[in-house]
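>>> quick one: sequence plus predicted model below, questions after.
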Amino acid sequence: MALVLTAVAAACGRDTTSTSAPPPKSGTARGGQIVASLRTDPKSFNRYFQNDVSSDLVSELTQARLVRINKITWDPEPWLAESWTESPDHLRYTLKLRSGVSFSDGHPFTADDVLFTFQALYDPKSAASSVLADSMMVNGKPLQLSSPDPQTVVVTFPEPFAPGVRLFDNIPVLPKHRLEAAVKAGTFASAWGLTTPPAEMAGLGPFVLSSYTPGQRMVFARNPHYWRKAATGDALPYLDGITVETVPDQNAEELRLENGQLDLTGGEVPADAYAGAKRAAAEGKLTIADLGMDRKADSFWINLKPGAFKNDPRAAWLQRDELRRAISMAVDRQVFADTVFFGAGEPVYGPVTPSIKQWYWTGTPRISYDPEGAKTLLASIGVPLGTPSARFQLIIQSGKPRLERGASVIADQLKKIGLGVDVVAYDGLTVLQHWQSGQYDALYFSPGLTDIDPAVTPDLWFSSGGSHFWNPGQKKPATDWEKQIDALMTKQGAAFDMAERKRLFDEVQKIFVEHQPVVYFAAPRFFVASSARLVNTKPALHWIPLLWAADELAVK
């Protein structure tokens, strides 16, 4: 899924050089194990077909990309491709691959694996169900690849695309020798499922999955063939292994962190757990980083898929713009921020928060708290306020008190204007199933965002995108305003002048706020906590705030 920030600054013909990790800090020893946590099990070990956080973490730990986006600077970094050059017409990129790199099973990595990766990505038998295929298209067209030698890949874009190589962070490179048979047989979508023996998988990441116990844990061991080196020349990763425990309950997760049973959690410190984490930090047990306002806010949206409420008496008003606008007006955002985040949050009004300074539309209008105006607006579209018919179901993820508090505030404030909300909580995987099947009225969820450059996340912004939350995968835009956004995003991705890209994306945000397909209320401050014994941490505003750089983590 998606949002937005730094553009590729590679000039025509420019070479980029590789970067290496910093040496361990003073007092750091190689080796050791750490324990982390996630709320849910992965849906698959195949990232190409699942976009949940747990499946993504497996990919981050076990696989690698041609180019990596640094989650602190949001700049592209040489990764499996150690350098690249760009043609003057912005259509062709020549990538030089690192030599001497092997997969975790010892098989050599070459350009054939890169060509195979894109073949698998675009394969018509699986592309329709892939969650990554949309993100690797430019204006709906695939990239073309060739290889003049085993260490070189030439990527030709169908048209000029400003983010350039930044796009390659979207896909992990696959082992041809392990998955070619599945792609040829048309079974790639079911390959590397949760029952696949770990020994049958191979990757280019710092760790390998050694065991998986459903509902309990995943155990990762050091990849003995990992290619990346520290500045000292030492082999990475520093750690011998990582155990990731499944802890569905937030309170239990935070208690384990404070008591030293976990070294880190899969996400940020929730607002209601901050006091306990701060006490543990004062006692020398934890280290806390304050990264400021989050770059995303929790998302509320109505199911806008045409026909979703056929033969439902609410069909006359449930998908109207006026309903979403009224909901936005009826919720006091300051009360929301104070209640949900215990004061450690700020009201937001659009899809990009002020923390993403490069792309945030400074003209984003502040939507005033106006319950009377909201009632008038709802009455104008025939909502029978104050009756049993004026209600909808709101699905949230269980085990996340922040979402529970947010849904409660939404329900309480909408009740005041005569609109009923029935909040129903499911585990994370079930929430995703309801969304993917279109079986829901409304969702209040916390989607992850892969990048801050809007052009790199077409799956969110384009009407045809698989992560176009309110109505994904449209064959043609369902509304005129979505058609306008499609056109603006096409121009935005093809513009190489940053001022023009910003102007076009401001227009996108203006249309988005006007129609509010997703309503945002407040964004929290982002705190990251980890065990005091953990060093070389790189906390980032990301849904995997520490493990995104797992190869550099070490323990004292």
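Perfect, thanks for sending it. Numbers count the residues shown, from 1 in each chain.
>>> residue 175: what's it in contact with?
103, 105, 107, 113, 202, 203 (CB atoms under 8 Å, 6 or more residues apart in numbering). Glycine gets a C-beta too; all of them are placed from N, C-alpha and C.
>>> ok, so of those residues, who is nearest residue 80?
Distance to residue 80, by CB to CB, is smallest for residue 113 among the contacts of residue 175, at 9.1 Å.
>>> list the contacts for the residue nearest to that closest one when sequence neighbours are not counted?
Distances taken as CB to CB, 6 or more residues apart in numbering place residue 176 nearest to residue 113, at 5.0 Å, with adjacent residues excluded. Residues near residue 176 by CB under 8 Å, 6+ apart: 112, 113, 116.
>>> quick check: next helix or strand after the strand ranked longest in the chain?
Counting residues, the longest strand found in the chain (DSSP state E) is strand 522-531. Per DSSP states H and E, the first helix or strand lying C-terminal to strand 522-531 is strand 534-535.
>>> paired strands for that following strand, with orientation please.
Sheet pairing of strand 534-535 (DSSP bridges) gives strand 554-555 (antiparallel).
>>> just the helices in the chain please.
Counting by DSSP state H, the chain has helices at residues 53-62, 111-122, 176-185, 250-258, 274-282, 321-330, 333-340, 371-380, 401-415, 428-437, 458-461, 480-494, 498-515.
>>> need those in TSV (columns: mean pLDDT and distance to residue 472).
As requested, the helices of the chain are arranged in TSV below (pLDDT from 0 to 100; distance: least, CB to CB, whole Å):
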stretch	mean pLDDT	distance to residue 472
helix 53-62	95	18
helix 111-122	97	18
helix 176-185	97	25
helix 250-258	92	28
helix 274-282	95	34
helix 321-330	98	17
helix 333-340	97	27
helix 371-380	98	27
helix 401-415	96	21
helix 428-437	91	8
helix 458-461	90	8
helix 480-494	97	12
helix 498-515	98	16
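>>> ok, and which of those helices has the densest surroundings?
Of all these, helix 458-461 has the most neighbours on average by mean count of other CB atoms under 10 Å, namely a mean of 25.
>>> check what pLDDT the residue of the chain positioned farthest from its centre gets.
The C-alpha centroid of the chain is most remote from residue 387, which lies 38.9 Å away (CA atoms, centre = their mean). pLDDT for residue 387: 97.
>>> dump the residue contacts of the nearest residue to it once chain neighbours are set aside.
Of all residues not flanking residue 387 in the chain, residue 418 sits nearest, at 7.9 Å (CB to CB, 6+ apart). Neighbouring residues of residue 418 by CB under 8 Å, 6+ apart: 375, 378, 385, 386, 387, 390.
>>> can you pull the contacts of residue 81?
By CB under 8 Å, 6+ apart, the contact list for residue 81 reads 66, 67, 95, 96, 97, 98, 153, 165, 168.
>>> tell me where the stretch 201-350 of the chain has strands.
For the stretch 201-350 of the chain, strands defined by DSSP state E, counting those that start in this stretch occupy the ranges 207-213, 217-222, 241-246, 286-293, 299-302, 345-347.
>>> for those, which one sits closest to residue 157?
Closest to residue 157 of these, according to CB to CB: strand 299-302, at 30.6 Å.
>>> so what strands line up beside the closest one?
Partners of strand 299-302, by DSSP bridges, with direction: strand 442-445 (antiparallel), strand 518-519 (antiparallel).
>>> with respect to residue 53, which of these lies nearest?
strand 442-445 (11.7 Å).
>>> related to what we said a few turns ago, greatest separation within the contacts of residue 81: which pair is it?
Greatest spacing in the contacts of residue 81, by CB to CB: 98 and 165 (14.9 Å).
>>> okay, these two: which has more neighbours?
Neighbour comparison, residue 98 and residue 165: the larger count goes to residue 165, with 20 against 17 (by other CB atoms under 10 Å).
>>> mind checking how far that one is from residue 459?
19 Å (CB to CB, to the nearest Å).
>>> ok, now residue 335?
Computed as CB to CB, the residue 335 to residue 459 distance reads 33 Å.
>>> about what we covered before: inside strands: which ones of the contacts of residue 81?
Per DSSP E, the contacts of residue 81 map to strands at 67, 95, 96, 97, 153.
>>> now the buried members of those.
Buried residues within the ones in strands among the contacts of residue 81, counting neighbours by 16 or more other CB atoms under 10 Å: 67, 95, 96, 97, 153.
>>> show the pLDDT at the third one.
I take that to be residue 96. Predicted confidence (pLDDT) for residue 96: 98.
>>> in the sheet, who's paired with it?
In beta-bridge terms (that is, DSSP bridges), residue 96 pairs with residue 83, residue 152.
>>> hmm, residue 78 and it touching each other?
No. With contact defined as CB atoms under 8 Å, residue 96 does not reach residue 78; the gap is 9.0 Å.
>>> what sits in contact with each of those two?
What both residue 96 and residue 78 touch, as defined by CB under 8 Å, 6+ apart, is the set residue 84.
>>> spatially nearest residue to residue 521 (excluding sequence neighbours)?
residue 336 (4.6 Å).
>>> list the contacts of the one you found.
Applying CB under 8 Å, 6+ apart, the residues near residue 336 are 347, 406, 409, 410, 521, 522.
>>> quick one, what contacts the first one?
Contacts were defined as CB under 8 Å, 6+ apart; by that measure residue 347 touches 333, 334, 336, 337, 366, 521, 522.
>>> do you know how far the second one is from residue 394?
What that stands for is residue 334. In terms of CB to CB, residue 334 sits 21 Å off from residue 394.
>>> where does this protein dip in pLDDT?
1-28 (pLDDT under 70).
>>> circling back to that earlier point, okay, the strands paired with strand 299-302 in TSV with mean neighbour count and distance to residue 127 next?
What follows is the strands paired with strand 299-302, written out as TSV (neighbours: other CB atoms under 10 Å; distance: least, CB to CB, whole Å):
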stretch	mean neighbour count	distance to residue 127
strand 442-445	23	25
strand 518-519	22	26
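>>> so which of those comes closest to residue 554?
Taking the strands paired with strand 299-302 one by one with CB to CB, strand 442-445 is closest: 34.4 Å.
>>> what's the local residue count around residue 128?
Here the number of neighbours of residue 128 (other CB under 10 Å) works out to 11.
>>> if I look at it, how far off is residue 474?
14 Å.
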